[in-house]
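J.: with the sequence up front, the predicted model follows.
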Number of protein chains: 2
Amino acid sequence: MSNTPPTPAAPRKRLTADARREVIERAATEVFAERGYRSASIDEIARRSGVSAPVVYDHFRSKQDLHRRLLERHFAELREIWTEYMVQGDPPELRMARALDAWFGYVQTHPYAWRMLFSDTSGDPGVQQIHREVAAQSRAALLPLLAREPGAQEVAGSAEQEALDMVWEIMRAVLQGLALWWYEHQHVPREQVVATAMNALWIGFDRARSGETWPPA
Amino acid sequence: MSNTPPTPAAPRKRLTADARREVIERAATEVFAERGYRSASIDEIARRSGVSAPVVYDHFRSKQDLHRRLLERHFAELREIWTEYMVQGDPPELRMARALDAWFGYVQTHPYAWRMLFSDTSGDPGVQQIHREVAAQSRAALLPLLAREPGAQEVAGSAEQEALDMVWEIMRAVLQGLALWWYEHQHVPREQVVATAMNALWIGFDRARSGETWPPA
DNA sequence: CGATTAACCTAGTAGACATTAGGTAGAGCC
DNA sequence: GGCTCTACCTAATGTCTACTAGGTTAATCG
């Protein structure tokens, strides 16, 4: 039985440390997004990066360290997009539409990063803590969209605070849920998803705010 | 050093098989809901049941078997509540309000079961499959709420099908998101949560359906 | 009582997986 | 061509956890 391999002894490519690190970060983002933190294995990340597992540890101190750095990197990018799109001065309705478009644009161009940020909240206590911080900062960044006049929520009592909490929770749930749905129906054009979100969120909130609430009177 | 235990040698209670099985099912529901499928350990389930781990295997063939039986049991209970509340003949607005109240009532009285059903979709492939079935059956049970006239969605083209998909996804996300939020703000009365959901879903959908959509003309 | 049943236990086994130890070899530089 | 540096490897180690083997004792029934 000949032991000569069909492809003669895989010609191993050697990358620079920086290049390999970049490859690992891309692969890890995919695996974390697809499997979630706990089910993502270092072995699979290494395999998709074209190396063996110990190489990952030449670049990152631990699985949790790798995960944390990726979250920070991706979230920084998202925050940049948000601040870019959220210019003051536009009418509220247009601001909301722009923000939704920015969100789904990010989802479209970063199909793994956003799931890693928002769609996998399980994990070790340390990992959950970082997810909570990401959620809190997202809320802080987008909450101005929901206030009719800037600064209105600052004087709110505890009941109004809870009402605002719930409205934010609805917005968060819709943005995340629609993004996940869209990922599995990618042929649907972005404008359609944005329009649906806008119809649900803006029209619903607007009407509710103008007093047309349930139960009627 | 005296070895006499302060409480003289824990008086071990022995339950009937059925009673112990019930205890294990309750404990397992809690642990699965709190930790998710993968992070839930048989050891912790056993400890909370007052027994050691092998006893669990006297009642269930495997961790997955235990999990599957619990999902089936809890989901059957939820479906019963739905069919009970969804009486035909009422006006659509009232039907929606009743369904939302039924949902949050279930969430309130089954604080672990609903999270196990809907809030932990990770897990092994086999477990994920069951979650998909639960989601599909839930959709089938609640979709009539969204159709203005019964049977309207049956003749829908693919674009309208996708529009309906998105509307359902929004409803699903809002119901799940608000439930999770409520679990961490339990002092908020149920009527308030139901009213918020009703305002977001019904008013938004109603206005959107009546042609008041975005972008404006 | 004394025997039988079955509820429960202690003490493993096995596999998965993060992480480490220590060595090998490709690539630039002289 | 030889030296050195470091990217990369193979082969452990330790831990965690689902699951099993086989024994032990509380309850029940004659």
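T.: The structure has been received and is ready for your questions. Numbers count the residues shown, from 1 in each chain, chains lettered A, B, ... in the order given.
J.: now do the longest helix along chain A and helix B:158-183, the angle between them.
T.: Counting residues, the longest helix found in chain A (DSSP state H) is helix A:158-183. With axes from the mean of the first three to the mean of the last three Cα atoms, to 10 degrees applied, the angle from helix A:158-183 to helix B:158-183 works out at 140 degrees.
J.: next SSE downstream of helix A:158-183?
T.: Next along the chain after helix A:158-183, taking DSSP states H and E as the criterion, comes helix A:190-198.
J.: show me which positions of that next one end up buried.
T.: For helix A:190-198, burial by neighbour count (16 or more other Cβ atoms under 10 Å in any protein chain shown) applies to A:193-198. All C-beta spots, glycine's among them, are computed from the backbone N, C-alpha and C.
J.: now do that helix against helix A:158-183: the angle between them, please.
T.: Using the same axes, to 10 degrees: helix A:190-198 against helix A:158-183 is 160 degrees.
J.: could you check how far residue A:200 is from DNA strand C?
T.: Residue A:200 is 38 Å from DNA strand C, where distance means Cβ to the nearest atom of the strand, to the nearest Å.
J.: show me the contacts for that residue.
T.: For residue A:200, the contact set (Cβ atoms under 8 Å, 6 or more residues apart in numbering or on different chains) comprises A:174, B:167, B:170, B:200, B:204-205, B:208.
J.: try it again with 7 Å
T.: Residue A:200 is in contact with A:174, B:170, B:204, counting by Cβ atoms under 7 Å, 6 or more residues apart in numbering or on different chains.
J.: before we move on, the earlier item: redo the buried residues of helix A:190-198 as a markdown table? Include distance to residue B:83 and pLDDT.
T.: Formatted as a markdown table, the buried residues of helix A:190-198 follow (distance: Cβ to Cβ, whole Å; pLDDT from 0 to 100):
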| residue | distance to residue B:83 | pLDDT |
| --- | --- | --- |
| A:193 | 33 | 97 |
| A:194 | 36 | 96 |
| A:195 | 34 | 94 |
| A:196 | 29 | 93 |
| A:197 | 31 | 94 |
| A:198 | 34 | 92 |
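J.: just flag the most distant two among those.
T.: Spanning the widest gap among the buried residues of helix A:190-198 are A:193 and A:198, at 9.6 Å by Cβ to Cβ.
J.: contacts for stretch A:80-99?
T.: By Cβ under 7 Å, 6+ apart, stretch A:80-99 touches A:102, A:106, A:141-142, A:145, A:148, A:198, A:202, B:214.
J.: out of everything not next to it in sequence, what's closest to the most centrally placed residue in chain A?
T.: Closest to where the C-alpha atoms of chain A average out (Cα atoms, centre = their mean) is residue A:114, at 2.7 Å. In space, and not counting its chain neighbours, residue A:114 is closest to residue A:107: 5.0 Å by Cβ to Cβ, 6 or more residues apart in numbering or on different chains.
J.: the one you found: which element?
T.: In the assignment (DSSP H and E), residue A:107 maps to helix A:92-109.
J.: so what angle separates the directions of that helix and helix A:190-198?
T.: 130 degrees.
J.: who are the packing partners of whichever helix or strand comes after helix A:92-109?
T.: From helix A:92-109 onward toward the C-terminus, using DSSP H and E, the following helix or strand is helix A:113-118. If you count contacts as 3 or more Cβ pairs under 7 Å, 6 or more residues apart in numbering or on different chains; DSSP states H and E, helix A:113-118 packs onto helix A:17-35, helix A:63-85.
J.: next secondary structure element downstream of helix A:113-118?
T.: That would be, after helix A:113-118 and using DSSP H and E, helix A:125-142.
J.: any bit of that next one sitting next to chain B?
T.: No. Using Cβ under 7 Å from any Cβ of the partner chain, helix A:125-142 stays clear of chain B, with a minimum separation of 10.7 Å.
J.: would you mind measuring from the closest residue to residue A:166 other than its chain neighbours to residue B:118?
T.: Here the nearest residue to residue A:166 in space, its sequence neighbours aside, is residue B:196; by Cβ to Cβ, 6+ apart that works out to 4.6 Å. Distance, residue B:196 to residue B:118, using Cβ to Cβ, to the nearest Å: 19 Å.
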